[in-house]
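Student: Could you look at this predicted model? Sequence included:
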Amino acid sequence: MLQAGGFWRFRGWVYATVVLSHGIIAVVGGGTGGDSATGPGATGGSADPTPCPSTFETNMSIPKGEPDVWIPGEQVTASGCLAMCCKNTSCVKWVHTTFFDSKQGFCDHGQPCCLLYSGETHDTPRFRTINVTSGVASPWRLQLSGIFSDNMVLQRAPSSAAIYGLAPPGQGITVRMDSKGGSGGTFAATASSDGAWGVRLPPTQAGGSFTFTASCPGCQNASTSTMTNVTFGDVWVCGGQSNAWLPLHHTFGLNATLASIAANAFDGPNGPKIRMFTMPQPGQPVDAPMYVIPPSASSGKNMMGVPNVWNVPNASEPVDRITGNCDNNVFAPYCFSALCWNFGVSLMEKTEPGVPLGLISSNVGGTTIQAWSEREQLLSTCGNVSSPNQNTSSFGGLFNGMIAPLVNMSVRGFVWYQGENSIGRLPEGSSVNHTGYSCAASNLVSNWRSAFSAAPNSTDPGAPFGIVTLAAGTSEGHGDEMAVFRQAQMGSYQSTPNVALPGVFVATAHDLGDPCYRGANCTGTKWAQVYAHSYMGPIHPRIKRTVAARLATSAAALYWNKTADTGPVFSGCTLDESSSEITLRFNPDLLFGDNVTLRAYNRLGNNSATQIMYNMTGVARSGRPIWQLEWMTVNISLSPNNAITVDLSPLQGARPLAVRYAWGDTPCCAYEMANSKPCLPENCPVFGNRSALPAMPFTANITSTGSCVCADPIVCNE
């Protein structure tokens, strides 16, 4: 039997390596926050886990608007339990445990608890029964955290994967690793005072089919927990809001995917090569990190009403695609994140086809970036990250509930697609002065990396991190801010990686809006709804395969220790007034041997995506002219040395003051939008010939000497 050794410290907790880098669930809505796992009335890590001393049942009125407060019952002291639950038969707090299953009617562990379950904030008074139980109603049992199930993928070498969960405090846990070729070893752990236990496995090469059996000989009934058909490969976490969540069946790639699955395209020697897990949504922000989540109950679902299982690809789908319900146990990847799935498929094609991929989708629609970062770190790192009247107590809620349960795993990298609910609400800010969304994006990347890499030999501290810039037509009414917001997503730069976002790769989507934007007539075209039913309209573009392929292209470069490709990146300009032209140059170092090219575009329909600002003389008043700044769309042509020439003749001698390209919500479909025609994907004219990636949007002022200058920290005077 192997005994894990060594210690590490993280966020105030010290555990042996078998106990992982984080503690069990901290008290939510009470206690001392993320660094404590004690309940109300408890005293630090030595909290008295004894149950409440008496049995008390009564109906109590819940104050109107009182939010739920989540507390783990085993962390509540005898005095704290009664103080939290009730006082003189009046409800003090509306509480329940994170492991309570309303269908079973008791704490999932069977541990003593004060509980009152609802899962939402009520606008009207409700009546429930509070049970304060004397003694242990039923003994704790051994449990794996809900992220572990049959068919899962664990991170391959050189990282050390982890397995962790809950058990009675002080009990010894053994985890046996078996494969078709024999035993892979037995690993030991001891449950800490708060019930947390875990083991780190030796680095294991990709592939294999393993069975893991966790045993607790000292637990009642000598409980065990087993997961089978487990393999090793690369694990990626896909996070964000609804465009990251959007299921495959709302996209144009569905039919091709189902056909590939039916043709066994993803089968491997040890089972499917791509496997999927959808993180359950907590239903409301969680106030402190949940490092362990409940597994699926006998009903096949956890307390959040969804299954905690790893799924393998199958070609099944509902009879009616429009009205059919998604069930992650049956329809996968039909109901799985289209972005995450297509990223995995494309990445496998571009890297190591024999290495299994584990894809974890952790997304919630309509959410902001502040909810996905640890609250204190965000507020101490970035300024101007809250909107007027915004309650910052919700910051970090989704990190706590949907990212923290994963941090003790080892993963290969991350994908992030969010911003629709931040544009127009959160200032773009700047990474230079550590403000706004720009700083929040940089902070999120460093926050996730540090959280996942806290344990030695786990996730790489510089793990690859992919970001998707907002797609055309998804500004939610804030189109004037879209272009600068896309730069804020990249840390105030035109491209990544950069000083604010080291090791980050980006997939631009400014040319990948839904062809059937609001007002477009798509009747009879292949983009019509009948071919792929949209979800809430063009705010959720149905083109996800292309943006996922762009992510995968950049991620694949990092597999081979190369710099991720981007489209052409603007680096400078030269004004030639004698010829009425401006020459635009692109950074040769970021072309990586590629060539800038120009796709044919509608030259009469203002589709060059290139605009010049100039002074236009208006109507004279009182003998004085009115000067008004105007943007005019002009034509462009390809020049030698990977340059683009801008034709200034339409200005009729007026001096240009600024130049911009692809600067807007839907920047490359001026003609189509003016004529209610579908806006086709990948329609911007300037792109890389080999990479097929579009040039990055930019805006620059033109100086009196005829060169360009961009807003700090962007350099474009080369």
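Tutor: Done, it's in.
Student: If we ignore the residues flanking it in sequence, what's nearest Gln370?
Tutor: Closest residue to Gln370 apart from its sequence neighbours, by CB to CB, 6 or more residues apart in numbering: Phe395 at 4.4 Å. Any C-beta I mention is one placed from the backbone N, CA and C, and that applies to glycine too.
Student: from memory Gly605 sits against Ala670, does it?
Tutor: Yes: taking contacts as CB atoms under 8 Å, Gly605 lies within contact range of Ala670: 6.4 Å.
Student: Could you check which of these two is surrounded by more residues?
Tutor: Between Gly605 and Ala670, counting by other CB atoms under 10 Å, Ala670 is the more crowded of the two (20 against 16).
Student: For Ala520, see how far away the nearest residue to the more buried one once chain neighbours are set aside is.
Tutor: Leaving out its chain neighbours, the residue that sits closest to Ala670 by CB to CB, 6+ apart is Asn606, at 4.2 Å. Remark: distance between Asn606 and Ala520 (CB to CB, to the nearest Å) = 17 Å.
Student: cool, and Val432?
Tutor: Here Val432 is placed at a distance of 39 Å from Ala520 (CB to CB).
Student: of those two, who's got more company?
Tutor: Ranked by neighbour count (other CB under 10 Å), Val432 and Ala520 place Ala520 first, with 22 against 15.
Student: Looking at per-residue confidence, what score does the residue lying closest to the more buried one once chain neighbours are set aside get?
Tutor: Leaving out its chain neighbours, the residue that sits closest to Ala520 by CB to CB, 6+ apart is Pro678, at 5.3 Å. pLDDT for Pro678: 92.
Student: Pro678 is in contact with Gly513, isn't it?
Tutor: No: at 10.2 Å, Pro678 does not count as touching Gly513 under the criterion of CB under 8 Å.
Student: higher neighbour count, those two?
Tutor: Gly513 (28 against 19).
Student: Let me know how buried the closest residue to that one other than its chain neighbours is, in neighbour terms.
Tutor: Leaving aside its chain neighbours, Gly513 sits nearest to Ala472 (2.9 Å; criterion: CB to CB, 6+ apart). When neighbours are defined as other CB under 10 Å, Ala472 has 29 of them.
Student: Over to Pro502?
Tutor: 15.
Student: ok, it touching Ala463?
Tutor: No: look at Pro502 against Ala463 with CB under 8 Å: they stay out of range, at 11.4 Å.
Student: sec struct for the residue positioned nearest the centre of the chain, please.
Tutor: Closest residue to the average C-alpha location of the chain: Gly239 at 1.3 Å, with CA atoms, centre = their mean. At Gly239 the chain is in strand, as set by DSSP: H, G, I helix; E, B strand; the rest coil.
Student: Now do the contacts for it.
Tutor: 362-363, 372, 402-403, 414-418 (CB atoms under 8 Å, 6 or more residues apart in numbering).
Student: Give the next helix or strand downstream of the top helix by length along the chain.
Tutor: Longest helix in the chain by number of residues (criterion: DSSP state H): helix 436-452. Where DSSP states H and E defines the elements, the next helix or strand beyond helix 436-452 is strand 465-468.
Student: coming back round to it: for the longest helix of the chain, give the mean pLDDT please.
Tutor: Helix 436-452 shows a mean pLDDT of 97.
Student: go on, stretch 396-411?
Tutor: Across stretch 396-411, the average pLDDT comes to 93.
Student: Isn't the residue nearest to Gly513 up against His510?
Tutor: Yes: at 5.7 Å, Ala472 and His510 qualify as touching, with contact defined as CB under 8 Å.
Student: wait, what's in contact with the spatially closest residue to Gly366 that is not a sequence neighbour?
Tutor: Nearest residue to Gly366 in three dimensions, chain neighbours excluded: Asn421, at 5.5 Å (CB to CB, 6+ apart). Applying CB under 8 Å, 6+ apart to Asn421 gives the contacts 241, 366-368, 476.
Student: again, but for Pro685
Tutor: Pro685 neighbours (CB under 8 Å, 6+ apart): 598-601, 607-609, 636, 668.
Student: got the phi/psi numbers for it?
Tutor: Main-chain torsions, Pro685, degrees, to the nearest 10: phi -80, psi -30.
Student: What is the burial count for the residue nearest to it when sequence neighbours are not counted?
Tutor: Nearest residue to Pro685 in three dimensions, chain neighbours excluded: Tyr601, at 4.4 Å (CB to CB, 6+ apart). Residues contacting Tyr601 under the criterion other CB under 10 Å number 21.
Student: Low-confidence stretches in the stretch 101-250 of the chain?
Tutor: 101-140, 220-222 (pLDDT under 70).
Student: For it, which segments are assigned as helices?
Tutor: 242-245 (DSSP state H, counting those that start in this stretch).
Student: and what of the chain?
Tutor: Going by DSSP H, the chain shows helices at 78-85, 242-245, 254-262, 338-350, 375-381, 397-398, 436-452, 482-489, 545-559, 670-674.
Student: Give me the number of neighbouring residues for Ser223.
Tutor: By other CB under 10 Å, 19 other residues sit near Ser223.
Student: Quick check, it in contact with Leu144.
Tutor: No: if you go by CB under 8 Å, Ser223 and Leu144 don't touch, sitting 11.2 Å apart.
Student: Tell me which other helices or strands the longest helix of the chain touches.
Tutor: helix 375-381, strand 413-417, strand 465-468, helix 482-489 (3 or more CB pairs under 8 Å, 6 or more residues apart in numbering; DSSP states H and E).
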